[in-house]
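Fold the following and give me the result.
(2 chains)
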There are 2 protein chains.
Amino acid sequence: MILKNKIHLVLATLLFVMVSCKAQNISKTKKSAKLEHPSLILTKSGVEKIKANLGSVPLFDRTLATVQAEVDAEILNGIEVPIPKDFSGGYTHERHKKNFLIIQKAGVLYQILDDEKYAKYVKDMLFQYAKIYPTLPVHPQTRSYARGKLFWQCLNDSNWLVYTSQAYDCVYNYLTEKERNYLEKDLFRPFAKFISVDNPQFYNRVHNHSTWGNVAVGMIALVMDDSKLLETALHGLKKDNIDPNAKDNDGGFIKKKGQKVGFLANLEEPFSPDGYYTEGPYYQRYAMYPFLVFAEALQNVKPELKIFEYKNGVLLKSINTLLNLTDTEGNFFPLNDGQKGMSYFSRELVSAVDIGYYYGGNQTDLLSIAKDQGEVLLDDTGLAVAIGIRDGLETPFVKKSINLTDGKNGDEGGVAILRAPGSKEDLTLVMKYSAHGLSHGHFDKLSFSYYEGGHEVLQDYGMSRYVNIQQKGGGNYLKENTTWAKQTIAHNTVIQNETSHFKGDFETGSSYHSEKYLFDVSNPKVQVISATESNAYPGTTLHRTQAIIKQDGFENPYLLDIVKINSETENQYDLPFYYFGQIMSTNFKYNVPEVLKPLGSKNGYQHLWNTGEGKSDSGNAKLSWFNKERFYTVTSVVSNEDELIFTRIGAKDPDFNLRNDPGFMIRKKNTKDTYFVNLVESHGHYDPVVEIATNAFSSVKNLKIAYSDEAYVAIQIETNSNDNLFLFSLKDSSNTSKHQIKIDNKTYEWIGAYKLTEINK
Amino acid sequence: MILKNKIHLVLATLLFVMVSCKAQNISKTKKSAKLEHPSLILTKSGVEKIKANLGSVPLFDRTLATVQAEVDAEILNGIEVPIPKDFSGGYTHERHKKNFLIIQKAGVLYQILDDEKYAKYVKDMLFQYAKIYPTLPVHPQTRSYARGKLFWQCLNDSNWLVYTSQAYDCVYNYLTEKERNYLEKDLFRPFAKFISVDNPQFYNRVHNHSTWGNVAVGMIALVMDDSKLLETALHGLKKDNIDPNAKDNDGGFIKKKGQKVGFLANLEEPFSPDGYYTEGPYYQRYAMYPFLVFAEALQNVKPELKIFEYKNGVLLKSINTLLNLTDTEGNFFPLNDGQKGMSYFSRELVSAVDIGYYYGGNQTDLLSIAKDQGEVLLDDTGLAVAIGIRDGLETPFVKKSINLTDGKNGDEGGVAILRAPGSKEDLTLVMKYSAHGLSHGHFDKLSFSYYEGGHEVLQDYGMSRYVNIQQKGGGNYLKENTTWAKQTIAHNTVIQNETSHFKGDFETGSSYHSEKYLFDVSNPKVQVISATESNAYPGTTLHRTQAIIKQDGFENPYLLDIVKINSETENQYDLPFYYFGQIMSTNFKYNVPEVLKPLGSKNGYQHLWNTGEGKSDSGNAKLSWFNKERFYTVTSVVSNEDELIFTRIGAKDPDFNLRNDPGFMIRKKNTKDTYFVNLVESHGHYDPVVEIATNAFSSVKNLKIAYSDEAYVAIQIETNSNDNLFLFSLKDSSNTSKHQIKIDNKTYEWIGAYKLTEINK
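Presented below is the predicted three-dimensional model:
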């Protein structure tokens, strides 16, 4: 699938070289005219300001001391530029990665501290790279669709150039013109050419990979003041001849026919107007660094581009969006391929917050995040943040309930986050009804995850990968990412006939998105998200409504979850819940098998052990579990025929790549139209030091569908102290329409799509 | 099995009533002579001192404010004394428990704050209890061998009286003589009689239950100044007619023939001279409160008893011992039946530390524990501690490597703790070669657990019970405690022929203990514990030697584990390791089954799923895993025939009572004499925010038995940078003996039992 049209490559190369040469001439002219150094991230005036403030801005000084200690240790250690050999996690990979991180810092230290040892370190390292680069073959590891030279993929080579460009900028004037010419000729220009012209399938895309590639070329173009090269960064290669059917290693398309490419296209397309990045927060975080650092550089060198105002200021907006895509501890929700544990404490988010504060109008709530992060960028933006913190300007960053549209124009579904304060910590629902999310997307329409504070109550599995841990498939995606993590069954959503949404087909899935039906958080006691999906299973419509409700008789807000299914055919529907911890009790009988068998043979089912099965004849299935000192209960409306299945992940896992987490599943067989109705409670507490269990039991006495037709559904929630109805209009989400239904001869009327009302008996 | 010799009970009752009446007369005489109130925990002079210091001792003031807020809330809430009905975790149980905890605090507040509302609250509650007690039947739950009245077991009734006696003491003078007579006649005396005379099988034992019973009677005896009753507390009932074969619910014997009973016997027998309590730290913690609070009361009222000097001051020593039986976070090692998460932050340890400081010569290292605890007792001892902290007197509590003998005379094996500082946190080995530990003991001779900081690297399962969580078997021991947690296979030790030590028979197990061979921590770089067990499997001798070794070429100290087995017969030997987290890699091939089957059918094996099997032909089996951001590797010397088995707990668990933790097992079949040799490393780090894995691979290149005969073993530990021998004398542990062996024609000589030496090639 990898492009190998040699003739075109040769032509493109020729063109590039010509453009490059011409650009060199132009830039030489311009350079002598005015470009000063540093000018990208650090600026001459910025450096002066930093120097003037040294010793008086604690957070900046602390960061500087830490960075200095780190760089000094590396200088002592000596420079190592090994011949590339390993995958991520391996020695040469990690060494080159460390090199570019350190060289960027050394450049900054040279500027701020005026100590030549740092400039010399940068120069020496650059020379070592320049020495090996011209004869360096393509990386020996063959797995990537776009192999790099220093690393196994061009992506990491691009990382290298993004950071190294900054170092070069910082020592530009320390070097002689001859030295610069040598570095540019033997290292930077061929490097930029390799990741662009030589790898158009990598460079000329809309993808986080290409963003890195474009920015790498753009950054070095800015340092070298090469406007033609910059043009290539902003708008991509003019020619690439990419096969419109070509795919990358993750199964994602390289490039659609006629698609715009380059940095601006990468800014335009994957970001929705709300600043949601279609791949999900894990990759948004990854892409934020090149996006923002290049934006900062462009703002400094080419202010006339007004890059921060591009697409209604989407770059700055996306910072706020990304911060909202975290739990109370700052961990990103692992939507699509996301490694758990990644958080706003990452270096990319330190950049994002500092740049966002500086260029986004000094929002003081960002200062509280920066204070948490405990470090700042060593540039104008970081200085501004540190001064703001020193001066006590920070205000809390309040994460609210929010709906984030997906798609370039914000019309391809989205992700809704409902938050409500609980007795102990915030409860947070993340409901996903977005577009597919490019090659890192999962087949999980209308899925959700649920959090209490920083704990996962009902999890999104995230990805099956140990990033940069060599033992695990070279730190790359494991095959179980495809066979499990991407499959629908790995998510808390409906699976029809044991087949993933869109039959697990990337091309089909990429053509569709779910539709928002309602997002309404105007009443903090009843917050609602409702969305539909009618393409995942042709002939079947799924309509999921989730509400976080704060109600008397419950210690905490609870999650009410209503899935309405309409189908033209009889099917089997499964709805799993992936909880954590220990089962406390059920209200139904179940049997555990003598021997564990996989629940199915494909589409992810082959990875689930069936650890028990039961049925309930009470109309409700109730499962309580205990995790992190707290009790949780899911109460579900079920029929006598519904199968209640306990599972554990881990079957057919020959390399023990999967986490062996538990699940609970409700299965309805031979059904056309039906409902799944569930109520999830967090309740009580148990501390093993005190050994007292409080509120250890569910407050739900009975849950039932009190009414349903094509247009309405009413869910009755009975506790020991009260009895409530959640009335919902399924066909009209207007907040002014009037509705009326009759239940038990009593008429209920309401205005707007939903109402929670007490039943007075 | 419960005693029901009615005639004897009647006689005993008669005797008790006579003694009681007589005592009442005596006490009346004595009372008018001098006993003042309060006198047990608070004293008149102590209260004056406390009042004089109010407002000037921050930790004391804070604790007081917290307690006051708690009691005030309860007073507002109103008194509830429900008719007993529930097991632990249930409403009536938890309410009565809360009552006794609150009433004790209210009594203290009355004394310190001179506010009558607290006295009235105590009085009103006592009156409500006095009103129901005379007609209260035995508790309706029938599970206990000694059912209480307020609670399902006499144990909890005794808890009640221990606390309530203190409250009574505090309001003694607030009550009229008539009120006191009423309370004593209708509540306290019949209460004391019920838990002693009416339940000798509970009261006349050596067991933590009886300790509580004895102390309950002793405390109320001290308040009522009833010396005869006090005598019953100190030395037990003179008559009980307990069947020497009778057992309690846990399968423990009630009383051996001729065994001494009462408080002093309970102090004498279960504590070793080192202050180790034979049941283990979880129950030592539980027993510490009655032991120490009664000791404090005795010291105040009967100083002539010199209770703190009893058995060489074992009570005070035991506090230090118990603090040493915790990980770096203060959590107790869950030896025997112990619920994980119990720690020195429990209220019992707050008492213990404060009392230990006050009566034990003001050890300033206890202050640092008290400071961590963040609260103090509201009495003389707590005031002293709070003043010490206010004055900055605390010094660090340094937990050292320590050997704790078990058994009344310290000659019944023991528990060794080896600690060594690691690059990140302390590494701690807990090796158990003790006596059985009464009814809460596990069949796990020569087992161990291993910690890094507060993380379990290789776990002791602890008990199978959710204390006070009603849903789980009424909060009591689950049947899996017997079928799994107590079985040998649940522990990191050798199992022969899939049968637990002593065939899992309590009586046999209780007759034996392991023997220490060597404990030597004189060299901080090579700390050694070595012990033998020759009774667990008649005809087989196990000799386990474990060393924590700090050696060049390793990031952290490693654990070297050598088990030598000699047997008269051919057997199967299993050695499991219960780790946590995710498998990273192995150096051997294995297969995972299509269907999971239990590893065996009994003795705990029925609870283990066999999740994979392999063999190694390299002489070593190496398993690496990842947990809590760190890497771990166990490298084992194996033969081509050894079976390498992966397991997961959870088979045959119809109520999902077990934690589904993973394990790895080495199995040797048809073997008489053999060795298990293992090396456990903690290495490296991976932070998902930074996504860099450092030192992710084991440093062990090869591990082998370089020499072995009856008297010596030498283990060769080869890394990439060096090659070392651990030389060990198996028959002579003297530290002065000279040894000599020849390996590869080279002679090695050493003095003392062991030596670590580099091989110079």
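
Backbone dihedrals for the residue most central in space within chain A, please?
Nearest to the mean C-alpha position of chain A, counting by Cα atoms, centre = their mean, stands A:Pro281 at 1.8 Å. Dihedral pair for A:Pro281: phi -60, psi -30, per degrees, to the nearest 10.

What is the neighbour count of whichever residue of the stretch 351-500 of chain A sits closest to chain B?
As assessed by Cβ to the nearest Cβ, chain B sits closest to A:Gln471 within the stretch 351-500 of chain A, at 4.1 Å. C-beta coordinates here come from the backbone N, C-alpha and C atoms, glycine included. Using other Cβ atoms under 10 Å in any protein chain shown, A:Gln471 has 19 neighbouring residues.

give me the low-pLDDT residue ranges for chain A?
A:1-34, A:761 (pLDDT under 70).

How is it partitioned into domains?
For chain A, the structural domains run A:1-34+A:79-269, A:48-57+A:275-399, A:402-758, going by automatic domain parsing.

Now render those as TSV, adding distance to B:Lys615.
Output for the domains of chain A, formatted as TSV (distance: least, Cβ to Cβ, whole Å):
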stretch	distance to B:Lys615
domain A:1-34+A:79-269	27
domain A:48-57+A:275-399	34
domain A:402-758	16
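
of all these, which lies closest to B:Lys260?
B:Lys260 sits nearest to domain A:402-758 of all the domains of chain A, at 30.9 Å, using Cβ to Cβ.

Would you mind measuring the gap between the ends of that closest one?
27 Å (Cα to Cα, to the nearest Å).

For chain B, what's its nearest residue on the stretch 201-350 of chain A.
A:Gly341 (2.9 Å).

quick one on the thing from earlier: would you mind listing the residues in contact with the residue nearest to the centre of chain A?
A:Pro281 is in contact with A:322, A:325-326, A:332-333, A:335, A:338, counting by Cβ atoms under 8 Å, 6 or more residues apart in numbering or on different chains.

Report the buried members of the residues you listed.
A:322, A:325-326, A:332-333, A:335, A:338 (16 or more other Cβ atoms under 10 Å in any protein chain shown).

Now render these as a markdown table, adding secondary structure and distance to chain B.
Below are the buried ones among the contacts of A:Pro281 laid out as a markdown table (DSSP: H, G, I helix; E, B strand; the rest coil; distance: Cβ to the nearest Cβ, whole Å):
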| residue | secondary structure | distance to chain B |
| --- | --- | --- |
| A:Leu322 | helix | 14 |
| A:Leu325 | coil | 15 |
| A:Thr326 | strand | 12 |
| A:Phe332 | strand | 10 |
| A:Phe333 | coil | 14 |
| A:Leu335 | coil | 16 |
| A:Gly338 | coil | 10 |
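
Among these, find me the one that's closest to B:Val713.
Nearest to B:Val713 among these, with distances taken as Cβ to Cβ, is A:Gly338, at 49.9 Å.

Now do the contacts for A:Ala490.
The contact partners of A:Ala490, by Cβ under 8 Å, 6+ apart, come to A:442, A:444, A:461, A:484, A:578, A:604.

Quick check: nearest residue in space to the residue of the stretch 51-200 of chain A at minimum distance from chain B, chain neighbours excluded?
Relative to chain B, the nearest point of the stretch 51-200 of chain A is A:Gly89 (5.5 Å; Cβ to the nearest Cβ). Closest residue in space to A:Gly89, ignoring its immediate chain neighbours: A:Gln470 at 3.0 Å, by Cβ to Cβ, 6 or more residues apart in numbering or on different chains.

What of A:Gly252?
Looking at A:Gly252 with Cβ to Cβ, 6+ apart, the closest residue is A:Ser439, at 2.3 Å.

Can you classify the one you found as helix, strand or coil?
Three-state call for A:Ser439 (DSSP: H, G, I helix; E, B strand; the rest coil): helix.

what's around it, how many residues?
Other residues close to A:Ser439 by other Cβ under 10 Å number 22.

roughly how far apart are it and A:Ser196?
20 Å (Cβ to Cβ, to the nearest Å).

How about the contacts made by A:Ser733?
The contact partners of A:Ser733, by Cβ under 8 Å, 6+ apart, come to A:517-518, A:530, A:753.

got it, and A:Val353?
A:Val353 is in contact with A:319, A:323, A:344, A:366, A:369-370, A:373, A:385, counting by Cβ under 8 Å, 6+ apart.

now A:Leu418
Contact partners of A:Leu418, counting by Cβ under 8 Å, 6+ apart, are A:401, A:428-429, A:431, A:521, A:527-529, A:546-548.

could the contacts of A:Ala490 be laid out in TSV, adding neighbour count, distance to B:Thr164 and secondary structure?
Formatted as TSV, the contacts of A:Ala490 follow (neighbours: other Cβ atoms under 10 Å in any protein chain shown; distance: Cβ to Cβ, whole Å; DSSP: H, G, I helix; E, B strand; the rest coil):
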residue	neighbour count	distance to B:Thr164	secondary structure
A:His442	29	59	coil
A:Asp444	31	57	coil
A:Tyr461	28	52	coil
A:Trp484	28	57	helix
A:Tyr578	22	47	coil
A:Gly604	27	58	coil
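
Could you identify the most distant pair in these?
Pairwise over the contacts of A:Ala490, using Cβ to Cβ, the maximum falls at A:His442 and A:Tyr578, 13.3 Å.

need the residues of the stretch 501-650 of chain A near chain B, please.
Contact residues (Cβ under 8 Å from any Cβ of the partner chain) of the stretch 501-650 of chain A with chain B: A:582-585, A:591-592, A:594-598, A:609, A:611-612, A:624, A:626, A:646, A:648, A:650.

Check the stretch 1-150 of chain A too.
Counting by Cβ under 8 Å from any Cβ, the stretch 1-150 of chain A comes close to chain B at A:89, A:94, A:97.

Surely the second one touches B:Asn695?
No. Taking Cβ atoms under 8 Å as the contact criterion, A:Glu94 and B:Asn695 are not neighbours in contact, 11.0 Å apart.

roughly how far apart are A:Ile75 and A:Leu377?
21 Å.

Settle it for me: which of those two has more neighbours?
More crowded of A:Ile75 and A:Leu377, by other Cβ under 10 Å: A:Leu377, with 27 against 17.
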